[in-house]
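Q: give me the fold of what follows.
(chains A and B)
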Amino acid sequence: MTPGLLRPDQSLRLVETYPPSAPARQAIIQVEDLSIVFDAPSGQVVAVDRVSLAVAQGEFVSVVGPSGCGKSTLLNAMAGLEQPFEGQVLIAGEAMRAPRPEIGMVFQQPHLFPWKSVRRNIAHGPRALGKPKAEALRIADDLIEMIGLTRFASAYPHTLSGGMQQRVAIARALANQPRVLLMDEPFGALDAQTRAVMQDNLLELRERINATIVFVTHDIDEAILLSDRVLIMSAGPGRILKDLEVSLPRPRSSAIVAEAAYLALKRDCLDLIRSEGRRAFEQMEIKT
Amino acid sequence: MRIGRRSSASARLSILVAVLSVPAFTGVWELVARSGIVNAVLFPPPSTVAVAILEWVRSGQFFADLMASLSRVAAGFAIGAAGGIVLGVLTGRFRLVSSLLSPLFHILRPIPPVAFVPIVILWFGLSETGKLFLVVWGVFFTVWLATHIGVQKVDRGLIRAAQMLGTPQPQMLWEIVLLGALPYITVGLRTAVSISFYTLVAAELAGAFAGIVYRIEIAQQNMQTGQVMGGLAALGLLSFVADRSFAILAERAVWWR
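A: This is a model prediction of the structure:
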């Protein structure tokens, strides 16, 4: 994205929001000038282009953008699953070079171990970290109660619905008591009703755990409902366009979507995404 | 209604025909062999075969032959399968190990195990080790290839999830990767069951002192055609039972599918 392609007011906004103002609380996640490049048959593709951001301890931040904008790549870099081409990701002051157990991740698909019961799936992390079996199972049982699946503790994943599987996946990620929880479109594969229930569950859950959460989604409603801050990403190459504070009161529920403050915020987001989408589309037209 | 009745009648007929199929062909065989159209010494009737089998069992040789053959197949299968799984996990997971071993394995794999009989006799004589070697050789490559491919097809998401949970490398290999590849591995193992019987034939023909195929060969040299056919029947039944029980076992091993 070259500045010349932006309308003046847009570039002005970019200048206003970047670099991000130093967060009041201490940043647990620092992304500094991060670029990620993939080798594709047509040459190198810049998935993430010089992104900088900071997430404060305990914050819930969503990253929103069209598919293919590099938001999942950004999240994978925070997870240590993707290596930077340039720049770095620091979590708790330490560069991410490989996955670390204090950073949990929930994927779009539950990816539960199909040969393990719900209880053993959740106990997997504590066991892997060398906790005694009894303690790991106790942690699992507490989490199973928290996600309301006590009746299904000894069930196998393939017998559960998609929503239940994803709840188990969240519990499994929480079992290691992560300081940071990364969520990559965790409700994207669920139907609308289940998704709404899961969003409310996550809001409740969040009151009870103190992990910092980074949540990737393409659903603006979902992002505003859940987050303290929404980062809007542009496509090809992936950059952060706007950093929006969501100052709606908590506790929230999915009923919030009808409120005026919420709608105003959503309009801002949509305007930005629409003009960005038009820009990307026109750019594509010029190329072809 | 009419169509339903007719189709159920035709279904009943199919079952009846299936049940009568083997007895009918056995009857035809008996008639042909007794009619004098063919030489009954070379092509004995099933009744002669049955008498030969009965005699084989009564003499106690059958049990000894069965145990000799079964122990060769079982030991060869166990060693070949274990080796194939272990190396398949390593070559499937680590590119360097694969670069080292896969070219060699791909050259050796297409050579039919039977072709190794002459050199096995040179190396091991008529010992049990030589027979074991042939069965292991036949089983190993099939299981190795199935495991290698299975490991590469393990759901990447499963591995990433395990990585994020801090799963240590040994547990990653021998739990997540191995169980993730299990559906492929069981297919390879089942193919290897047939192969182990196939290599057993070569191993016993090359020279043995007991075994079902050994008995067939001896009977052939004595012109005991009934015993030859009885041996073939026993081998067929054994291989069939082994395949079916393995299929049932495999289904239970991958119960989550």
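Q: so the nearest residue to B:Val151 once chain neighbours are set aside versus B:His148, what's the distance?
A: For B:Val151, ignoring the flanking residues on the chain, the nearest one in space by CB to CB, 6 or more residues apart in numbering or on different chains is B:Gly92 at 2.7 Å. The C-beta positions use only the backbone N, C-alpha and C, and glycine is treated the same way. Note on B:Gly92: its distance to B:His148, by CB to CB, to the nearest Å, is 4 Å.
Q: with B:Arg156 instead?
A: In terms of CB to CB, B:Arg156 sits 17 Å off from B:His148.
Q: equivalent analysis for B:Phe105, please.
A: Counting by CB to CB, the gap from B:Phe105 to B:His148 is 8 Å.
Q: list the buried residues in the host helix or strand of B:Met67.
A: In the assignment (DSSP states H and E), B:Met67 maps to helix B:61-93. Buried residues in helix B:61-93, counted by 16 or more other CB atoms under 10 Å in any protein chain shown: B:62, B:65-66, B:68-69, B:72-73, B:75-77, B:79-81, B:83-93.
Q: Three-state assignment for A:Asp39, please.
A: Judged by DSSP: H, G, I helix; E, B strand; the rest coil, the three-state class of A:Asp39 is strand.
Q: mind checking the SS state of the residue most central in space within chain A?
A: Central residue of chain A (CA atoms, centre = their mean): A:Phe215, 2.0 Å from the mean position. The three-state label given to A:Phe215 by three-state DSSP is strand.
Q: enumerate every residue touching it.
A: A:Phe215 is in contact with A:Phe60, A:Val61, A:Ser62, A:Val63, A:Met183, A:Pro186, A:Ala223, A:Leu226, A:Ser227, counting by CB atoms under 8 Å, 6 or more residues apart in numbering or on different chains.
Q: name the SS class of the fifth one, please.
A: Assigned by three-state DSSP, the conformation of A:Met183 is strand.
Q: shared neighbours, B:Gly92 and B:His148?
A: Listed as contacting both B:Gly92 and B:His148 by CB under 8 Å, 6+ apart are B:Ser98.
Q: quick check: buried residues in stretch A:34-43?
A: For stretch A:34-43, burial by neighbour count (16+ other CB under 10 Å) applies to A:Leu34, A:Ser35, A:Ile36.
Q: wasn't A:Ser62 part of a strand?
A: Yes - A:Ser62: assigned to a strand according to three-state DSSP.
Q: list the contacts for it?
A: A:Val214, A:Phe215, A:Val216, A:Thr217, A:Glu222, A:Ala223, A:Ile224, A:Leu226, A:Ser227, A:Arg229, A:Val230, A:Leu231.
Q: which residues in the chain form helices?
A: You didn't pick a chain, so chain A it is. A:8-17, A:71-79, A:118-128, A:133-146, A:162-174, A:192-208, A:220-226, A:260-287 (DSSP state H).
Q: ah, I was thinking of chain B
A: B:2-35, B:46-58, B:61-93, B:95-108, B:117-124, B:128-152, B:156-164, B:169-171, B:178-205, B:212-221, B:225-253.
Q: quick one: distance of the second one to the chain centre.
A: The chain centre lies 25 Å from the centre of helix B:46-58; the measure is CA atoms, centre = their mean, to the nearest Å.
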